[in-house]
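Asker: quick one, what's the 3D model for this:
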Amino acid sequence: MKVTIFGTGYVGLVTGACLAEVGHQVMCMDVDTNKIDRLKDGIIPIYEPGLEPIVKANIASGNLLFTTSAEEAANHGKVQFIAVGTPPDEDGSADLKYVLAVAESIATYMGDEKIIINKSTVPVGTADKVRAKVQSKLDERTSSLTFTVISNPEFLKEGAAVNDCMRPDRIVIGLDNEGEPRRKVETTMRELYAPFNRNHDKIIFMDVRSAELTKYAANCMLATKISFMNEMANIAERVGADIEQVRQGIGSDPRIGYHFIYPGCGYGGSCFPKDVKALISTSKQLGYKAEILESVENVNDRQKHKLFEMICQHYGCDPENPGDTLKGKVFALWGLAFKPKTDDMREAPSRVLMERLWAAGAKVQAYDPEAMDECQRIYGNRDDLQLMGTQSSTLHKASALVVVTEWQSFRALDTASLKTELKDSVIFDGRNMQDPIYMRKCGFQYYGIGRVSE
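Answerer: Next up is the predicted model:
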């Protein structure tokens, strides 16, 4: 099947590459000429495990094409995916200008019947706006061409997106057509996703608005579990409990499970913060106060300051007014990306920590397996930031080690080297990667999230 995808960001590129991998003829369109030129040469703009070889193989086979021409893209595919960004507006609502611009482009150039698929994460009611935009442009053209707008939200985890796309848990499709038009669209969508749907039927058909809300509900539920555990960790510290033991105790309940109940220094990335804010904004517009979601956001915002507060507590200064206590101190920082297996630093806790350390006059020596270039892009050259070539080199002349991202390579510590290098023999572990009792036996002052520190 011929497929067009507008947008070559995280969702668009992964979706396009995976559809091409199973034999569809995919054309990806983007307005960024430099990005498209690089993609044609097989240069991937993001780090995602397994993505690069799929892109290169399908460029070579001719199944994956790239273009900057909206006209060429609109006339390529029977199905037209909209997979562009929906950045948060000032009030937290999702900005739909890019989505609607694509809808207008499709309507401007389409020469036959189209199925237009919202793949972007969009507020409930967006399909109606896309439908109105397309129809308005077709009316302007005095065209009688027909089209269908459906919702097909993505459920891709950064760091595991290729696997999620090739082996999805579910394929949610929202459509409002009835009778024969609906059957035609269902048949087309089943044909499109047949290669991913062989083991058992993973396709869930529902109405468009329910599909749009399903995406937000999923991300907000996961964000809620994280913030809940961070709240429990903060309580555990105050009552003298160990949140790791609590986690094992509640995770053994199958109604709760072990997924997403790891406390830490806050969630980040392009999805959870944006989607929680967007659903809060939608609720406000409808006159409903989403109290749980507002609390989820507030807890997470507060949690991102946790590591700095722990550092200040250890060194005996007020986090709101640290004075000169941290001035001149060097902190080794392991992890810049918001999570492992990605180079994404959007809303990353590392950024909150580094910016507060710099404001207090401290310096940072940082290492991340993938996000070094992204950090350089964001912060440029600073006297108080050194990006180091290895995780061990960050320790030289550092007062303390701060672990922010749970990369596997950070788990096995060379305690002898750490003891020799760190001036103060102190570790602040924002992801609870080490055992506090063992670390204290090795001679370190160790601080985890919700762990007994003495």
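Asker: my read: Y47 touches M345, true?
Answerer: No: applying Cβ atoms under 8 Å as the test, Y47 and M345 come out as separate, 11.4 Å apart. From N, CA and C alone the C-beta is placed, and that goes for glycine too.
Asker: quick one: the strands in the stretch 351-454 of the chain, in order.
Answerer: Listed in chain order, the strands of the stretch 351-454 of the chain (DSSP state E, counting those that start in this stretch) span 363-367, 385-387, 400-403, 426-429, 445-447.
Asker: ignore what I typed, I meant the stretch 201-350 of the chain.
Answerer: Under DSSP E, counting those that start in this stretch, the stretch 201-350 of the chain gives strands at 203-206, 330-334.
Asker: more crowded one of Y47 and M345?
Answerer: Set Y47 next to M345 and count neighbours by other Cβ atoms under 10 Å: M345 wins out with 22 against 19.
Asker: dihedrals phi and psi, A103?
Answerer: Backbone torsions for A103, taken as degrees, to the nearest 10, come to phi -60, psi -40.
Asker: any idea how far it is from R431?
Answerer: Distance of A103 to R431, computed by Cβ to Cβ, to the nearest Å: 41 Å.
Asker: of the two, which one has the most company?
Answerer: Set A103 next to R431 and count neighbours by other Cβ under 10 Å: A103 wins out with 28 against 23.
Asker: the more buried one contacts V130, correct?
Answerer: Yes: counting by Cβ under 8 Å, A103 does reach V130; the two are 4.5 Å apart.
Asker: so where's the stretch 51-200 of the chain uncertain?
Answerer: Judged against pLDDT under 70, the stretch 51-200 of the chain has no low-scoring part.
Asker: ranges for the strands of it?
Answerer: Using DSSP E, counting those that start in this stretch, strands in the stretch 51-200 of the chain cover 64-67, 79-82, 114-118, 147-151, 171-174.
Asker: and V162, what does it touch?
Answerer: For V162, the contacting residues are 14, 17-18, 48-51, 54, by Cβ atoms under 8 Å, 6 or more residues apart in numbering.
Asker: out of the residues you listed, which sit inside helices?
Answerer: 14, 17-18, 51, 54 (DSSP state H).
Asker: which of those residues sits closest to N381?
Answerer: Checking the ones in helices among the contacts of V162 against N381 by Cβ to Cβ gives L51 as the nearest, at 29.7 Å.
Asker: roughly how far out does the longest helix anywhere in the chain sit from the chain middle?
Answerer: If you go by DSSP H, the chain has its longest helix at helix 208-239. Relative to the centre of its chain, helix 208-239 is centred 15 Å away, using Cα atoms, centre = their mean, to the nearest Å.
Asker: please identify the most buried of the strands of the stretch 201-350 of the chain.
Answerer: Compared across these, strand 330-334 shows the largest average neighbour count, a mean of 25 (mean count of other Cβ atoms under 10 Å).
Asker: please report how far the closest residue to G264 other than its chain neighbours lies from H76.
Answerer: Nearest non-adjacent residue to G264, counting by Cβ to Cβ, 6 or more residues apart in numbering: R431, 5.1 Å away. Using Cβ to Cβ, R431 is found at 44 Å from H76.
Asker: next: A132.
Answerer: 24 Å.
Asker: phi and psi next, for the nearest residue to K215 once chain neighbours are set aside.
Answerer: Leaving aside its sequence neighbours, K215 sits nearest to P153 (Cβ to Cβ, 6+ apart; 3.6 Å). Per-residue torsions, P153: phi -60, psi 150 (degrees, to the nearest 10).
Asker: surely P153 is in contact with I171?
Answerer: No: using Cβ under 8 Å, P153 makes no contact with I171, being 9.7 Å away.
Asker: the more surrounded of the two?
Answerer: Higher neighbour count among P153 and I171: P153, with 24 against 19, using other Cβ under 10 Å.
Asker: quick check: which of the strands of the stretch 351-454 of the chain is buried the most?
Answerer: With neighbours taken as mean count of other Cβ under 10 Å, these reach their highest mean count in strand 400-403, at a mean of 26.
Asker: convert the C-alpha atoms of that strand to CSV, please.
Answerer: Only the C-alpha atoms of strand 400-403 are listed here, as CSV (Å, rounded to 0.1, in the frame of the first residue of the first chain):
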residue,chain,number,x,y,z
ALA,A,400,30.4,14.3,44.7
LEU,A,401,28.7,12.0,42.2
VAL,A,402,25.1,12.6,41.1
VAL,A,403,23.3,9.9,39.1
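Asker: average pLDDT for it?
Answerer: In this model, strand 400-403 carries a mean pLDDT of 98.
Asker: the inter-axis angle of the longest helix of the chain versus strand 114-118?
Answerer: 10 degrees (axes from the mean of the first three to the mean of the last three Cα atoms, to 10 degrees).
Asker: helices and strands around helix 208-239, which ones?
Answerer: helix 126-140, strand 147-151, strand 171-174, helix 243-251, helix 272-285, helix 291-303 (3 or more Cβ pairs under 8 Å, 6 or more residues apart in numbering; DSSP states H and E).
Asker: and for the fourth one, what's in contact with it?
Answerer: With Cβ under 8 Å, 6+ apart as the contact definition, helix 243-251 has outside contacts at 229, 232-233, 236, 256-258, 261-263, 432, 449-451.
Asker: again, but for the third one
Answerer: By Cβ under 8 Å, 6+ apart, the surrounding residues in contact with strand 171-174 are 127, 150-153, 155, 186, 189, 193, 196-197, 202-212, 214-215.
Asker: and the buried ones among those, selectable in ChimeraX?
Answerer: In ChimeraX, a selection of the buried entries from the contacts of strand 171-174 looks like this (16 or more other Cβ atoms under 10 Å):
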select :127,150,151,152,153,155,186,189,193,196,203,205,206,208,209,211,212,214,215
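Asker: with neighbour numbers in mind, choose between A132 and H76.
Answerer: Neighbour count, other Cβ under 10 Å: between A132 and H76, H76 has more, with 20 against 13.
Asker: coming back round to it: report the two of the contacts of helix 243-251 separated the most.
Answerer: The two members of those with the most space between them (Cβ to Cβ) are G257 and R451, at 21.7 Å.
Asker: those two: which is more packed in?
Answerer: Ranked by neighbour count (other Cβ under 10 Å), G257 and R451 place R451 first, with 23 against 12.
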